[in-house]
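Colleague: Structure for this input, please:
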Amino acid sequence: MWYVYVIQSIKKKATYVGCTTDVIRRVKEHSGLKSGGAKSTKGKGPWILRAVFGPYSGRSEAMKAEYVLKHSKRSTARFYWTTDDSEWCRGLGAEDPLVIAFSINNDESSDSNSDLDKL
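Modeller: Residues are numbered from 1 along each chain as shown. Purely as a prediction, here's the structure:
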């Protein structure tokens, strides 16, 4: 299964939207805890998971949803994408259990990289 995720930089408050089969791995890559990540997120982290949408049946479907989200919402509004916004929206977004677990394990005033390792 594929998912669309929204992360936010703790340093700059910028948001990034991507799609993956493993959300936690991708957040770790963006935050520099694992090799990988996107060129546009390097040096702006650490990153916090803010929303997860899906599941989508394949990469193509997830990329279509990612495209629609990127072009319809900006900044923190991306956390609250709904089916009213697009038929491509699926899942719980900011209320997804992964996001909630991440929030519980990640206090913005602490060392978020070590907290991310707990997930």
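Colleague: hey, let's count contacts and neighbours off CA atoms from now on
Modeller: OK.
Colleague: ranges for the strands of this structure?
Modeller: Ranges of strands within the chain are 2-9, 15-20, 47-56, based on DSSP state E.
Colleague: Report all helices and strands that the longest one contacts.
Modeller: The elements that strand 47-56 packs onto, with contact taken as 3 or more C-alpha pairs under 8 Å, 6 or more residues apart in numbering; DSSP states H and E, are strand 2-9, helix 23-30, helix 97-105.
Colleague: Just the CA atoms of the second one, as PDB, please.
Modeller: What follows is helix 23-30, C-alpha atoms only, in PDB (Å, rounded to 0.1, in the frame of the first residue of the first chain):
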ATOM      1  CA  VAL A  23       6.100   6.700   6.100                       C
ATOM      2  CA  ILE A  24       8.300   6.400   9.200                       C
ATOM      3  CA  ARG A  25      11.400   5.400   7.100                       C
ATOM      4  CA  ARG A  26      10.800   8.500   4.800                       C
ATOM      5  CA  VAL A  27      10.500  10.900   7.800                       C
ATOM      6  CA  LYS A  28      13.800   9.500   9.100                       C
ATOM      7  CA  GLU A  29      15.400  10.000   5.700                       C
ATOM      8  CA  HIS A  30      14.200  13.500   5.400                       C
END
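Colleague: which other helices and strands contact that helix?
Modeller: When contacts are defined as 3+ C-alpha pairs under 8 Å, 6+ apart, helix 23-30 packs onto strand 2-9, strand 47-56.
Colleague: can I get those strands in JSON lines with distance to Met63, mean pLDDT and mean neighbour count?
Modeller: Formatted as JSON lines, the entries for those read as follows, by distance: least, C-alpha to C-alpha, whole Å; pLDDT from 0 to 100; neighbours: other C-alpha atoms under 10 Å:
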{"stretch": "strand 2-9", "distance to Met63": "8", "mean pLDDT": "96", "mean neighbour count": "25"}
{"stretch": "strand 47-56", "distance to Met63": "9", "mean pLDDT": "96", "mean neighbour count": "24"}
